[in-house]
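Undergrad: Got a predicted structure plus its sequence, pasted below:
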Amino acid sequence: MLILSLLLHILLPSYADRDALLTSHGEFLPHIRLAKDLTDSRRYDRRVRPVVNHSQPTTVMFSMSLYQILSINEKLQNVDLNVWVIQVSKWRDDFLGWNPVNYGYINQTILPYDHIWLPDTYLYNSVVMNREETERYINVVITTNYWEGQGGAENKLSIGYPVNLYLDSRRRRF
């Protein structure tokens, strides 16, 4: 057995890295297991709005703050802004809940934004209408609702938007 283990460490360098993800009992660490379980394709489909009752709306609250005015071009009548949008999510995901007791009492975790369902909150009146050029996603903070006696989880997502908007200088007084 020792020889097999040594061969695996020599031939498969990633095997040693995988050991770092395991407990002394050979199980995944609780936070690794939680992330794997939450995003398992047999349990979660990010393409589907995560509600048990499809006729109920999903409420998403967010705020927007001006971070920086990058430039103003009066001739072209546009302004470049750096805007920070924080989706203070009372957006509930019925399918991302977990029992913290089963995961080392972890109540909150962070998952990559592209692993879960995201609400469509796109800035449609920007000069640049290409999503890949305007949205800068950050990972999602997910908090279980277990201790409130509810299923599911609440999600928080932050998005940075560099925005280019049109100005209407006809209404400006000189």
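TA: Everything's here; your move. Small disclaimer: the values here were computed from a predicted structure and weren't measured.

Undergrad: Point out where the protein drops to low pLDDT.
TA: Low-confidence segments of the chain (pLDDT under 70): 1-19, 83-90, 122-137, 159-174.

Undergrad: mind listing the strands in it by residue range?
TA: 63-73, 78-93, 108-111, 136-137, 140-144, 153-166 (DSSP state E).

Undergrad: And the contacts of the third one?
TA: Right, the one you point to is strand 108-111. Under the criterion CB atoms under 8 Å, 6 or more residues apart in numbering, residues 31, 34-35, 38-39, 139-144 lie in contact with strand 108-111. The way it works is simple: take the backbone N, C-alpha and C, and place the C-beta from them, glycine included.

Undergrad: Quick one: buried ones out of the residues you listed?
TA: Buried members of these, scored by 16 or more other CB atoms under 10 Å, are 34-35, 38, 139-144.

Undergrad: Which two among these are spaced furthest apart?
TA: By the measure CB to CB, 139 and 144 form the most distant pair in the buried ones among the contacts of strand 108-111, at 16.6 Å.

Undergrad: give me every residue that touches residue 103.
TA: Taking CB under 8 Å, 6+ apart, one finds 30-31, 33-34 in contact with residue 103.

Undergrad: Go through the buried ones among the contacts of strand 108-111 and say which is closest to residue 23.
TA: Nearest to residue 23 among the buried ones among the contacts of strand 108-111, with distances taken as CB to CB, is residue 34, at 13.5 Å.

Undergrad: Can you give me the distance of the residue lying closest to the closest one once chain neighbours are set aside to residue 147?
TA: Leaving aside its sequence neighbours, residue 34 sits nearest to residue 103 (CB to CB, 6 or more residues apart in numbering; 4.4 Å). Separation of residue 103 from residue 147 (CB to CB, to the nearest Å): 13 Å.

Undergrad: Can you give me the distance of residue 142 to residue 116?
TA: Residue 142 is 8 Å from residue 116, by CB to CB.

Undergrad: ok, for residue 93, nearest residue in space, not its chain neighbours?
TA: Using CB to CB, 6+ apart and skipping residues adjacent in sequence, the residue nearest residue 93 is residue 50, 4.2 Å away.
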